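**Q** one predicted model, sequence on top.
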4 protein chains.
Amino acid sequence: MPRPRSESARQSVLAAMRGALSADGYDAVTIEGLAAEAGVSKQTIYRWWPSKAAILGEALLEGELPGGDVALSFSSDVEADLRGWLATAGANLARPENVALVRALIAVTATDPALGTALNHRFADPIVSWIVARIARAQEDGAVRADADPVVVADQFVAMTSYAALTGRPLTPDRVDALVHHLMQGIATR
Amino acid sequence: MPRPRSESARQSVLAAMRGALSADGYDAVTIEGLAAEAGVSKQTIYRWWPSKAAILGEALLEGELPGGDVALSFSSDVEADLRGWLATAGANLARPENVALVRALIAVTATDPALGTALNHRFADPIVSWIVARIARAQEDGAVRADADPVVVADQFVAMTSYAALTGRPLTPDRVDALVHHLMQGIATR
Amino acid sequence: MPRPRSESARQSVLAAMRGALSADGYDAVTIEGLAAEAGVSKQTIYRWWPSKAAILGEALLEGELPGGDVALSFSSDVEADLRGWLATAGANLARPENVALVRALIAVTATDPALGTALNHRFADPIVSWIVARIARAQEDGAVRADADPVVVADQFVAMTSYAALTGRPLTPDRVDALVHHLMQGIATR
Amino acid sequence: MPRPRSESARQSVLAAMRGALSADGYDAVTIEGLAAEAGVSKQTIYRWWPSKAAILGEALLEGELPGGDVALSFSSDVEADLRGWLATAGANLARPENVALVRALIAVTATDPALGTALNHRFADPIVSWIVARIARAQEDGAVRADADPVVVADQFVAMTSYAALTGRPLTPDRVDALVHHLMQGIATR
DNA sequence: ATGTAAACGAGACGGTACGTCAAGTCTTCGC
DNA sequence: GCGAAGACTTGACGTACCGTCTCGTTTACAT
């Protein structure tokens, strides 16, 4: 019968976290700053989240993850499709808001492995699914060898994306072409 | 005529950093703790290093980087050599002291991109060199296609290694086999 | 037909205050603790009392005040009667439950003069009345000079009692004897 | 060999305490407020004082205690001298700054008996000494009976003063006259 | 051998943020 | 409409480190 949790307070905090993240970076985010920015008291934050990382986690899960919005349709050319995906992901990751998000994600992972792993799954799983599905289709079409393991290939894509984000080295069209070409060559029929 | 910088103080601090790193993780390291542990005054630390990250940097540069000691000789089988390298690197990264080091490296990178990038180069460059050299030799031997770009392949190896370290997913022999096989298939002659 | 104020809630709160007082001291008493201890909600307390001091006040007014239960009968010897009263009061004040009560009383007085003064009157008035009556009787008997002001003497008794309670210095039989003897000498006939 | 404690910081804190005391009362004094008012960091306060009460103690010990400045010279009339002292003490205690000080003193005593007792001694001892000395002189002069105990009388003065301060009832000339007259009558020769 | 100037330990200082506690107010629901 | 439960804002608590600033003391080198 008590008063129910305030949804608006919750949203304000998550929004403040997203804002602070791109403004200052994860390390510089402060619970007190969040509270002030969100117009919420510190106590309300501590009542619902055990740590800064937990807020980040919820903010990421709630929001749109960069790369997660892979709604690209399948064309008849696997390599072109994957090239398209990697180029899009690379462009997304280069956008400032997302740079901050991914850096934060990496920072928590290096700091709180358990939460980090969970978030990384949330980030990587849809990507892997899409790539695996695309390659499976290519196997049906006969463009990719039947004995290739789609998951191994998908992992490479995710690893490349993550490493590019970490080091900040941009995925230029040239690199995208070379990478995808190399990875596909390993599984193409003939 | 002034008194010269104390090398022993410097070494104590770097050792304290390495110790604290594996004991508590980078985030939990404090300058005061370092000073106490090293038996050195805070001021001495601030006199010589501008930040915690800088100490980490020097500690990493001074110490043995895991994976950097790849002095494997070339056999006649490229794929076996690369499999050997990746297996060794994976085993190294799984050792506790090194987990802490790599996590710290990732944490600084996500926090201080400039320093992080420099350190990442120190970490990645020898690996890339070795892999590029091995593949170049394989091209001479005719085992790898002449038009393949060794750097692209080397990048994949580094990215995979880094991503495995970040997520903590171990590089099991099975995965190593599958990965190397796939990556080599893309460049093997016919 | 509103629900009437719950007398049992009221009693629980006052009892909790008395309990907490002797257990932890006035300063350490908290409204939340009181509410929890009394099995009552905070709001219920705030609905009926404006402050912690007010609850203390009601608890004191409701309960037995130490020293207030002076129902000693008059003997033929004024000095012996007063000695008896002061000894009893001193003994009462030394009992642990009462130490807490008196300390609390003094603390509110120093903090909330208005309430404190009211409570002090509740505490002092019966004492003053009794002493004044006893001395008046002695004046009728001719044991005390007619021109002495009984109120001035009564004030001394109360002041001594209060000061002893404040400083915690016990009223030993020796001190009681000396004090009463001195005070009576000032008003005894010749 | 470190930097020595800053005397100016110490003084600022004590001054801030004295100021806040008369402005708001002891209970309302806040360590943070003190720090802000004194232009000192909270940590500096916590480094040197374990509690608010300890600061009050030092502030009281350092400053002039009301009533402690009894430098009245002895005339040939004991009663007049004591009347003079009590009147002066009463007037002092009625001054606003001192009301706050004494209330604070009483509040700590009721809260932290050990410290309170120590402070009360600092407050009462010089008074007792002076009164005892004056009465001893009167005994030499033959104005006070040789078998009277000066300490018992001095205690009465202190108790009266303290009780008057606690209850806030002013020591008017009338009351002073009556009290001193009564107390002296008990020990005057004849 | 003696001056001297920087390095060093120690740690005080003004700060910022932490995570906790209680105060007093507000909101919901059951009786 | 009273009362429980408890979410909310507010503001102080005491702690941990930050980076800066004196302090004396030590020590290598240049006279």
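**A** Received it, and whenever you're ready, just let me know what you need.
**Q** quick one: A:Val40 and D:Glu32, what's the gap?
**A** 22 Å (CB to CB, to the nearest Å). For glycine as for every other residue, the C-beta is placed from the backbone atoms N, C-alpha and C.
**Q** correction: A:Arg10
**A** 30 Å.
**Q** neighbour-wise, which of those two wins?
**A** Neighbour count, other CB atoms under 10 Å in any protein chain shown: between A:Arg10 and D:Glu32, A:Arg10 has more, with 18 against 9.
**Q** so what's that one up against?
**A** A:Trp48 (CB atoms under 8 Å, 6 or more residues apart in numbering or on different chains).
**Q** that one is in what secondary structure piece?
**A** Assigning secondary structure by DSSP states H and E places A:Arg10 in helix A:7-24.
**Q** ranges for the helices of chain A?
**A** With helices called from DSSP state H, chain A shows them at A:7-24, A:31-38, A:42-48, A:52-62, A:78-94, A:96-111, A:113-141, A:150-167, A:173-185.
**Q** need the residues that contact the shortest one.
**A** If I follow you right, that is helix A:42-48. Here helix A:42-48 has contacts from A:Arg5, A:Ser6, A:Ala9, A:Arg10, A:Val13, A:Ile31, A:Glu32, A:Leu34, A:Ala35, A:Ile55, using CB under 8 Å, 6+ apart.
**Q** for the fifth one, same thing?
**A** Outside of helix A:78-94, the residues that reach it under the criterion CB under 8 Å, 6+ apart are A:66-67, A:70, A:72, A:74-75, A:98-99, A:102, A:127, A:130-131, A:134-135, A:137-138, A:141, A:143-144, A:157, A:160-161, A:164-165, A:170-171, A:173, A:176-177, A:179-181, A:183-184.
**Q** quick one on the thing from earlier: would you reformat the contacts of helix A:42-48 as TSV and include pLDDT?
**A** Output for the contacts of helix A:42-48, formatted as TSV (pLDDT from 0 to 100):
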residue	pLDDT
A:Arg5	90
A:Ser6	92
A:Ala9	94
A:Arg10	96
A:Val13	97
A:Ile31	97
A:Glu32	97
A:Leu34	97
A:Ala35	97
A:Ile55	96
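**Q** quick one: the residue in chain A that chain C sits nearest to and DNA strand E, what's the gap?
**A** Closest residue of chain A to chain C, CB to the nearest CB: A:Pro2 (10.0 Å). As for A:Pro2, its distance to DNA strand E is 5 Å (criterion: CB to the nearest atom of the strand, to the nearest Å).
**Q** relative to C:Ser41, how far out is that residue?
**A** 10 Å.
**Q** comparing these two, which residue is more hemmed in?
**A** Neighbours of A:Pro2 and C:Ser41, each counted by other CB under 10 Å, are more numerous for C:Ser41; the result is 13 against 5.
**Q** pull the contacting residues for that one.
**A** C:Ser41 touches C:Ala35, counting by CB under 8 Å, 6+ apart.
**Q** look up phi and psi at it.
**A** phi -90, psi 150 (degrees, to the nearest 10).
**Q** report pLDDT for it.
**A** What the model reports as pLDDT for C:Ser41 is 91.
**Q** next one: it from DNA strand F, what distance?
**A** 4 Å.
**Q** ok, that residue to C:Ser6 distance?
**A** Taken as CB to CB, the span from C:Ser41 to C:Ser6 is 11 Å.
**Q** and A:Ala178, by the same measure?
**A** 80 Å.
**Q** output the contacting helices and strands for the worst-scoring helix or strand of chain A on mean pLDDT.
**A** Least confident helix or strand, chain A: helix A:96-111 with a mean of 84, by mean pLDDT, DSSP states H and E. Counting contacts by 3 or more CB pairs under 8 Å, 6 or more residues apart in numbering or on different chains; DSSP states H and E, helix A:96-111 packs against helix A:7-24, helix A:52-62, helix A:78-94, helix A:113-141, helix A:150-167, helix B:96-111, helix B:150-167.
**Q** reformat those helices as JSON lines; add distance to DNA strand E.
**A** Shown next, in JSON lines, are those (distance: least, CB to the nearest atom of the strand, whole Å):
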{"stretch": "helix A:7-24", "distance to DNA strand E": "10"}
{"stretch": "helix A:52-62", "distance to DNA strand E": "6"}
{"stretch": "helix A:78-94", "distance to DNA strand E": "27"}
{"stretch": "helix A:113-141", "distance to DNA strand E": "14"}
{"stretch": "helix A:150-167", "distance to DNA strand E": "25"}
{"stretch": "helix B:96-111", "distance to DNA strand E": "15"}
{"stretch": "helix B:150-167", "distance to DNA strand E": "24"}
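**Q** lowest-confidence stretch among these?
**A** Minimum mean pLDDT among these: helix B:96-111, a mean of 84.
**Q** how about that helix and DNA strand F, any contact?
**A** No: on the criterion CB under 7 Å from any atom of the strand, helix B:96-111 is out of touch with DNA strand F, staying 12.2 Å away.
**Q** any idea of the angle that helix forms with helix B:7-24?
**A** Counting by axes from the mean of the first three to the mean of the last three CA atoms, to 10 degrees, helix B:96-111 lies at 90 degrees to helix B:7-24.
**Q** I'd say A:Gln156 and B:Asp155 touch.
**A** No: using CB atoms under 8 Å, A:Gln156 is not in contact with B:Asp155; the gap is 10.6 Å.
**Q** give me the residue at the spatial middle of chain A.
**A** A:Phe123 (3.9 Å; CA atoms, centre = their mean).
**Q** could you check how far that residue is from D:Pro126?
**A** With CB to CB as the criterion, A:Phe123 and D:Pro126 are 76 Å apart.
**Q** distance of A:Val153 from DNA strand F?
**A** In terms of CB to the nearest atom of the strand, A:Val153 sits 44 Å off from DNA strand F.
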